[in-house]
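Undergrad: Could you work out the structure for the sequence below:
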Amino acid sequence: MKKLFTLIFSVMIINAAAQNTLTDYDGNIYPTVTIGTQVWMKENLRSAHYADGTLIANNCWYNNNLSTDTIYGRLYQWDAAMKNSHIQMAQGACPAGWHLPGDAEWIQLFNAVNDSNNCAFALKETDTLYWSQPLIASNTTGFSMVGGGGGYNCSFFDLMGTHAEFWTSTEINSTDAKNWSTNNQSASMFRHYNQDKANNFSVRCVNNSPAGINNPGGDFNQEFTAYTAEASLIISAIRKTGINFSYSLFTVDGKEILAGYFSDRTSINLSSLSKGIYFLSIKGTKKIYYKKILN
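TA: Residues are numbered from 1 along each chain as shown. Okay, here's the model as predicted:
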C-alpha cells in the first residue's frame, strides 16, 4: 500500500532554543519547544474539539475531574486522538499545522536528546506539582513531560503522578497501537507495541515543519510524487519529460546517504537503512523540492 507523507524539509538546527505558542480551536494556548529539528508542544493537549470544530468523542479528564485539565491535559482514546484516521502522522486531534507524532518521530526526539535509555531524565518536568516523589528529572530540554497517568474507556483511571503515557500515530492492528511512557523513578522511555486503543492516554503534538522552515515545499507534487512501498522508495516525475533529475536522501542530521539520477521513475531499495525519518531532495526543472520520508 502506498504511504504518502507530509511535504517538509529540515534545516539541521541542533538544540535550538526558540520558544513560541500555538492556540487550538477551544482557545487553549500552548508554549512550544524546539529540540533538535523538531518543534513540540511542551504541554499535553487539552482540546475538546478538532481543528474543524467537530467535538472530539472518547476523551476525558483523569477521574473525570476538570481540575486536572490545566496541569495534565485531557486523556484520549487512540481513534479520538487520530480523528479515526489510520495514516501515520495524521493531524488527528492536533491543531492545524500540527500532527500526532509517529513512533519514529518519538525516536527522533530521543536521539536528539540522547536515546530512549536515559533521555526521560532530560524530558521530565522537575516540579513535584506534576510528579510523585521520589522524582528523577532535570527537564534540561524544556519538554516538561508530566505524570498524567492513564485511563480505560473514561471509566477506570490509574497512575497519575507516577506515569506519563503518550499515544503515537503508529498502528499495530485494528485493536492496538504503539505508545511511549516513562515513570517518576526512571530515566528511560519505554515503548509498548500492543496498547489497547480504548486506553486513554495523553497527546503531545509536533509541528509539521521542522525548525527553521517557515514555508515548506508544499508544491512538491507539482512535479514529483514519492512514497514508500515494501522497503523501497518510489520516485516518479508527474510529466514524462525524459529529463534526468538528481535526487539525494539525507538523515535527520544532514548526512547524505544515497544519491542518483532518474528520468521518469525509479525505485530505491531502503532495506539496508534503519527504520526512521529521512529527507529526500530532488532537483526539478525550476527548483529543488524536499520531502520527509518515513522508512
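
Undergrad: Please point out which parts of the helix-or-strand element of the chain with minimal mean pLDDT sit buried.
TA: Least confident helix or strand of the chain, by mean pLDDT, DSSP states H and E, is strand 288-294 with a mean of 79. If you call a residue buried by 16 or more other Cβ atoms under 10 Å, then strand 288-294 has these buried ones: 289-294. The way it works is simple: take the backbone N, C-alpha and C, and place the C-beta from them, glycine included.

Undergrad: Stretch 133-153 now?
TA: Buried residues in stretch 133-153 (16+ other Cβ under 10 Å): 135-137, 139, 141-151.

Undergrad: what does stretch 184-202 give?
TA: Going by neighbour count (16+ other Cβ under 10 Å), the buried part of stretch 184-202 is 184, 186-189, 191, 195, 197, 199-202.

Undergrad: and residue 221, how many residues sit next to it?
TA: 14 (other Cβ atoms under 10 Å).

Undergrad: For it, give me the pLDDT.
TA: pLDDT recorded at residue 221 is 71.

Undergrad: Begin at 399, not 1, for the rest of this chat.
TA: Yes, from this point I'll number from 399; that puts the last item at residue 619.

Undergrad: Confirm that it sits in a helix.
TA: Yes - applying DSSP: H, G, I helix; E, B strand; the rest coil, one finds residue 619 inside a helix.

Undergrad: correct me, but it touches residue 637?
TA: No - if you go by Cβ atoms under 8 Å, residue 619 and residue 637 don't touch, sitting 11.9 Å apart.

Undergrad: Can you name the next helix or strand after the longest helix anywhere in the chain?
TA: The longest helix of the chain (DSSP state H) is helix 501-511. Note on helix 501-511: by DSSP states H and E, the next helix or strand toward the C-terminus is helix 518-521.

Undergrad: after that next one comes which helix or strand?
TA: The helix or strand immediately downstream of helix 518-521 is strand 548-550, counting by DSSP H and E.
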